[in-house]
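A.B. asks: Structure, please.
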Amino acid sequence: MRYLLRSIGIYLLALYFVPQLVPGFTVNGGFITLLIGAAVLALMFMVLKPILKFISFPVNILTLGLFSIIVNAFILYLLTILVPNITVQPFTYQEAHIYGFITPKTAFNTFFAYAFSAFIISCINSIIRWVIK
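C.D. replies: You can find the predicted model right below:
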């Protein structure tokens, strides 16, 4: 029970920070939507992700673990279906100049928007879990 509540809290923080980092990810409806989305996301990651990882194990071995991003994107897609106030749309990052490094203008279609958002959620989740420990 404690693990479930901790996971819900971590995903709540992740769902709060992702719209600030990813322009195509939106959460409408305030704290209640964040809480429902975090609960659904935590349950799906606890129940559905191990099943999908077991089914996709051979493909995951062939891609050296990169297919797990696709599994996470699929779970995020299911979240947007179950919680309609959370949406992921195609977006574009503009060109940036950071300390002499130039990043080009990058456009993400719907599939890559889901994959990138799932990657950012996984990174935030990992960082928060590392800070907690």
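
A.B. asks: Can you list the strands that the helix or strand bottoming out on mean pLDDT in the chain pairs with?
C.D. replies: Using mean pLDDT, DSSP states H and E, strand 96-98 stands out as the lowest-scoring helix or strand of the chain, at a mean of 81. Sheet pairing of strand 96-98 (DSSP bridges) gives strand 101-103 (antiparallel).

A.B. asks: Tell me the helix or strand right after the strand it pairs with.
C.D. replies: Scanning forward in sequence from strand 101-103 by DSSP states H and E, the next helix or strand is strand 106-108.

A.B. asks: Point out the other helices and strands that that following strand packs with.
C.D. replies: Contact here means 3 or more C-beta pairs under 8 Å, 6 or more residues apart in numbering; DSSP states H and E; on that basis strand 106-108 packs against strand 91-93. For glycine as for every other residue, the C-beta is placed from the backbone atoms N, C-alpha and C.

A.B. asks: Just give the strands next to the strand it packs on in its sheet, each with its orientation.
C.D. replies: Strand pairing (DSSP bridges) places strand 91-93 next to strand 106-108 (antiparallel).
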